[in-house]
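J.: Provided below for reference: sequence and predicted model.
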Amino acid sequence: MRVRGPSRRSVLTGTAALALGTLLPRLAAAQGMPQGAPPAASPLTRLKVTSVERIELGGQKPLALFQNSLPGPVLRVKRGDKLAVSVENTLDTPLSINWQGVRLPNPLDGVPGLTGNAIGKDTSADIAFPPPDAGTFLYRAFQPELAHRALAGALIVEEPTAPDFGADHVLLIQSFAPDPTMTVPLLTVNGAVSPTLEAPAGGRVRLRLINAGTQFLRLQVPGTSYVIAIDGQPVQPFVLKDGRAQLTPGGRIDLALDVGTADPIPVNVETSQLPIQLALVTPVGPGTAAGTAALPPPAALPSNGLPEKIPLEKAARFEVTLGASPVPLSGFASVGSVARGTSVVLTLDNKSDAPVAVQLHGVPGRLLDGLDDGWKPWWHDAVPVAPRSTARVALLPDAPGKWAIVGLRGGDGAVVAARSYDVT
């Protein structure tokens with residue numbers, strides 16, 4: 001599906017990117033910020049949340065950070081192993097953690113007014129669960145005002161056997177507007193402007209692109225690259241047509257990028273004017289005489305065991321309206337209740353003139369074709385819905401509980417839907 005890309009007022013122009021690109025690394029170095037690579041998680045997996053001044057990014061308003069790190073530390077765990085973190089909240093407001101895309105055994109997401117798992121001021125909470133799926137995921141504050149002001153990090157659930165890539169890079173994208181008079185935000189990758197990422201010359205690199213911002217991003221990657229996972233779930237590898245892909249707010253795309261022996265490869269965001277360079281992949285080492293020509297298509301990543309088909313004949317059908325005006329992130333009136341294992345079809349009706357990213361909690365879904373005669377071959381937990389249009393998505397809930405459905409408006413991240421569904 002195609003939605004309108006960033007406008008002149010919603011992304012950084014090339015000229016501004018160049019100017020800030022020279023300024024931000026110096027400020028970052030002075031303040032101890034990472035430049036080009038997110039930090040590894042502490043062996044203790046402790047996440048202390050603090051309010052920190054970052055004038056070059058947040059302006060006069062402080063940012064909220066995990067472990068004083070921008071973005072938060074990369075959490076890594078093997079599929080099936082237990083992830084255990086201790087979150088300490090020092091903010092003046094309660095905090096809830098959203099594990100974007102993770103199929104949790106019960107509603108561990110701290111959805112205020114729904115699950116009651118909020119972490120109060122000056123208190124800590126221990127969170128532990130075994131992620132059932134290998135893939136690229138996102139952890140962040142559930143409250144948009146915190147998540148969009150930097151409180152986010154990557155969760156990487158590794159396959160039991162590591163796929164054969166010459167390098168594996170996380171690119172967590174965030175946006176900032178340090179000056180309130182700015183008409184366009186600043187895009188960063190792993191806390192830096194256009195970092196350089198190294199990859200073996202003549203080899204293949206895995207890029208884990210995570211959109212932790214509020215913009216619908218139109219990616220453009222020159223050369224040969226294959227999509228190998230969408231929103232954390234493996235797909236049958238396919239060549240990225242024209243090197244372009246849409247990255248929904250909250251969404252993730254894993255690419256297998258073939259790297260030449262000489263020229264760096266830019267990872268860009270297209271705009272109505274100049275493209276914005278998010279990162280630069282640079283070949284290192286002697287490479288091979290054949291270059292990338294000898295590389296066969298990548299093998300598919302191991303399946304996470306999601307169903308091949310979703311039976312639609314007796315599916316429960318619910319509608320969620322995505323309004324033109326913001327709504328409180330509370331209440332979460334239920335659209336309906338289903339028994340575990342019963343298919344659900346959600347109709348997402350966008351009444352606004354902006355694209356909306358719908359976050360699905362509990363399980364991902366598949367976008368349906370127009371006549372209920374099939375579905376797209378990919379799973380999504382960040383579902384894009386174009387302006388003034390309707391999208392329908394099929395789910396197969398497999399865990400009891402109350403699960404949230406949240407619509408975030410593209411551009412400013414305003415909440416335009418806050419509903420839930422019950423699984424008994």
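T.: Sure, I can see it.
J.: next, count neighbours for Gln342.
T.: I think there's a mix-up here, since residue 342 is Thr and not Gln. 16 (other Cβ atoms under 10 Å). The way it works is simple: take the backbone N, C-alpha and C, and place the C-beta from them, glycine included.
J.: okay, the spatially closest residue to it that is not a sequence neighbour: pLDDT?
T.: Spatial nearest neighbour of Thr342, chain neighbours left out: Ala316 (6.0 Å); criterion: Cβ to Cβ, 6 or more residues apart in numbering. Here the pLDDT value assigned to Ala316 is 96.
J.: what do you get for the one 3 residues further on?
T.: Listed pLDDT for Glu319 reads 97.
J.: that one sits in which helix or strand?
T.: Assigning secondary structure by DSSP states H and E places Glu319 in strand 316-322.
J.: from Ala229, how far off is Ile253?
T.: Ile253 sits 7 Å away from Ala229, going by Cβ to Cβ, to the nearest Å.
J.: tell me the pLDDT of Leu367.
T.: 95.
J.: also compute the angle for the strand or helix carrying Val335 relative to strand 316-322, please.
T.: Assigned by DSSP H and E, Val335 belongs to strand 333-338. Computed by axes from the mean of the first three to the mean of the last three Cα atoms, to 10 degrees, the angle separating strand 333-338 from strand 316-322 equals 160 degrees.
J.: name the element Glu145 belongs to?
T.: Using DSSP H and E, Glu145 sits within helix 144-147.
J.: give me the contact list for that helix.
T.: Helix 144-147 has contacts (Cβ atoms under 8 Å, 6 or more residues apart in numbering) with 64, 91, 93, 95, 98, 140-141, 212, 329, 408, 413-415.
J.: sorry, back to before: any residues in contact with both of Ile253 and Ala229?
T.: In contact with both Ile253 and Ala229: no residue, using Cβ under 8 Å, 6+ apart.
J.: still on that earlier bit, list the buried residues in the strand holding Val335.
T.: 335, 338 (16 or more other Cβ atoms under 10 Å).
J.: name the helices or strands packed onto that strand?
T.: Secondary-structure packing of strand 333-338 (3 or more Cβ pairs under 8 Å, 6 or more residues apart in numbering; DSSP states H and E): strand 316-322, strand 415-423.
J.: of these, which is nearest Leu278?
T.: strand 415-423 (26.4 Å; Cβ to Cβ).
J.: any idea how the protein splits into domains?
T.: 14-162, 316-423 (automatic domain parsing).
J.: and whatever helix or strand Asn268 lives in, which strands flank it?
T.: Here Asn268 sits within strand 265-269, counting by DSSP H and E. With DSSP bridges as the test, strand 265-269 is paired with strand 217-220 (antiparallel), strand 276-284 (antiparallel).
J.: quick check: Gly411 touching Gly213?
T.: No: in this structure, Gly411 is not within contact of Gly213 by Cβ atoms under 8 Å, at 10.0 Å.
J.: looking at these two, which has the bigger crowd around it?
T.: Neighbour tally, Gly411 and Gly213, criterion other Cβ under 10 Å: the higher count belongs to Gly213, 24 against 19.
J.: and Arg419, what does it touch?
T.: 320, 332-335, 404-405.
J.: report pLDDT for it.
T.: Confidence score, pLDDT, at Arg419: 94.
J.: what's across from the nearest residue to it once chain neighbours are set aside in the sheet?
T.: Excluding its sequence neighbours, the residue lying closest to Arg419 (Cβ to Cβ, 6+ apart) is Ile405, at 4.6 Å. For Ile405, the beta-bridge partners are Leu360, Arg419 (DSSP bridges).
J.: gap between Ile405 and Trp375?
T.: Relative to Trp375, and taking Cβ to Cβ, Ile405 is found at 18 Å.
J.: which one's more surrounded, the two?
T.: A count of neighbours by other Cβ under 10 Å puts Ile405 above the other of Ile405 and Trp375, at 24 against 18.
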